[in-house]
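**Q** for reference, the sequence and a predicted model appear below.
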Amino acid sequence: MSDISVIGAGAFGTALASQLAGEDGPTVTLWTRDPEQAAAIGTARENARHLPGVSLPRALSVEHGNAAFAAPILIMATPMQTLAGLLEEHREHIGEACVVAACKGVDLERGKGPTGIIESAAKKAIPAILTGPSFAVDIAQGLPTALTLACADKRTGEMLQSALSTTTLRLYLSTDPIGAELGGALKNVIAIACGACIGAGFGESARAALMTRGYAEMARLAAALGGKRETLAGLSGFGDLALTCTSDKSRNFRHGLALGRGEQPPEGVTTEGIATAGATLRLAQRYKLEMPITEVVAALTSGTLSAAEAMAVLLARPLKKE
């Protein structure tokens, strides 16, 4: 049995597994549901579909069976909207493992973040979340990256921080998983807004304003749900927001960019901010919070508003104190 199983052979899961599977490190398994994909990756030592050009270490095992879910540390690098179903399907194999979410978003059906989904779907497991400013290709290439590892249980968090840190991947510990996961989720919504802003030609100043006011929305919701505002000032909030809203490597930014240009976004690309905008809007309504950027992003991605109309709605709001 592996020490660590990374569940999900997308770009981020593959990159993370590759970095953790050093020759002198823990035994690591990369799991994919598709046996043909597992065989192809294992033979070629490359995930040609999601992370082309990156050679995987020989120490990394690629599997598709249930045994991967029996590892003491599970890293769930799956799309947010599939997390609950996957955990429920394999609940009997998970047991009392440490389950670390490496996905970002809010479950559209349940209105919960990753750690809340883990608590509900795998009741014996210890939930944690790994989040922050990171692109898969940077991690895969061994470029220096810093992330937040958040776990309510401090001793478990310290163990995970030590187990998952590498020479190029530096993890900062937090005991505020709610704040950490909301930062990682909501920055995707703001990134769509920023992409649309640039795509529509509204300029860099407008993008800076969206990032700043978007950060205020992130902190507002986190505080309402029991998260700490200072967590949002760290890597999982401000850091991830800065990266995702300013780089065309971001899928959420590129989605907004296409909408702003009046183009059809590419199909078959997981863009977590779309579902997160809708789920977050429901939470905002439940807690009676003003989240105008989230509201217009939900309308923009559903086709109800154009980028120009969304910006007009935001600019027409009553003047207020900062």
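**A** Good, I have the coordinates. Small disclaimer: the values here were computed from a predicted structure and weren't measured. Numbers count the residues shown, from 1 in each chain.
**Q** distance of Arg317 relative to Pro292?
**A** 6 Å (C-beta to C-beta, to the nearest Å). From N, CA and C alone the C-beta is placed, and that goes for glycine too.
**Q** more neighbours: which of the two?
**A** Neighbour count, other C-beta atoms under 10 Å: between Arg317 and Pro292, Pro292 has more, with 15 against 9.
**Q** my guess is the more buried one contacts Leu314. True?
**A** Yes: with the criterion set as C-beta atoms under 8 Å, Pro292 and Leu314 qualify as a contacting pair; they are 6.0 Å apart.
**Q** where do the helices of the stretch 51-200 of the chain begin and end?
**A** Along the stretch 51-200 of the chain, the segments classed as helices by DSSP state H, counting those that start in this stretch run 80-89, 91-94, 114-121, 136-140, 154-164, 177-199.
**Q** now the ones you listed in CSV, with distance to Thr231 and mean neighbour count?
**A** Putting the helices of the stretch 51-200 of the chain into CSV (distance: least, C-beta to C-beta, whole Å; neighbours: other C-beta atoms under 10 Å) gives the following:
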stretch, distance to Thr231, mean neighbour count
helix 80-89, 19, 19
helix 91-94, 27, 15
helix 114-121, 13, 22
helix 136-140, 22, 20
helix 154-164, 13, 16
helix 177-199, 3, 30
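**Q** for the ones you listed, which one sits closest to Gly239?
**A** Using C-beta to C-beta as the criterion, the shortest distance between Gly239 and the helices of the stretch 51-200 of the chain is 8.5 Å, found for helix 177-199.
**Q** can I get the CA coordinates of that closest one in CSV?
**A** Output of helix 177-199 as CSV, limited to C-alpha atoms (Å, rounded to 0.1, in the frame of the first residue of the first chain):
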residue,chain,number,x,y,z
PRO,A,177,-9.9,25.2,6.5
ILE,A,178,-13.1,27.2,6.0
GLY,A,179,-11.2,30.4,5.2
ALA,A,180,-8.7,28.5,3.1
GLU,A,181,-11.2,26.7,0.9
LEU,A,182,-13.4,29.8,0.4
GLY,A,183,-10.4,31.8,-0.8
GLY,A,184,-9.5,29.1,-3.3
ALA,A,185,-13.1,28.8,-4.4
LEU,A,186,-14.1,32.4,-4.8
LYS,A,187,-11.0,33.6,-6.5
ASN,A,188,-12.1,31.6,-9.5
VAL,A,189,-15.3,33.6,-9.7
ILE,A,190,-13.3,36.9,-9.6
ALA,A,191,-10.9,35.5,-12.2
ILE,A,192,-13.8,35.1,-14.6
ALA,A,193,-14.8,38.7,-14.0
CYS,A,194,-11.2,39.9,-14.6
GLY,A,195,-10.9,37.9,-17.8
ALA,A,196,-14.1,39.4,-19.1
CYS,A,197,-12.9,42.8,-18.1
ILE,A,198,-9.7,42.4,-20.1
GLY,A,199,-11.4,40.7,-23.0
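**Q** what is the following helix or strand past it packed up against?
**A** Per DSSP states H and E, helix 177-199 leads on to helix 204-224 as the next helix or strand towards the C-terminus. Helix 204-224 makes packing contacts with helix 177-199, helix 229-232, helix 240-244, helix 272-286, helix 292-301 when contacts are defined by 3 or more C-beta pairs under 8 Å, 6 or more residues apart in numbering; DSSP states H and E.
**Q** cheers, nothing more for now.
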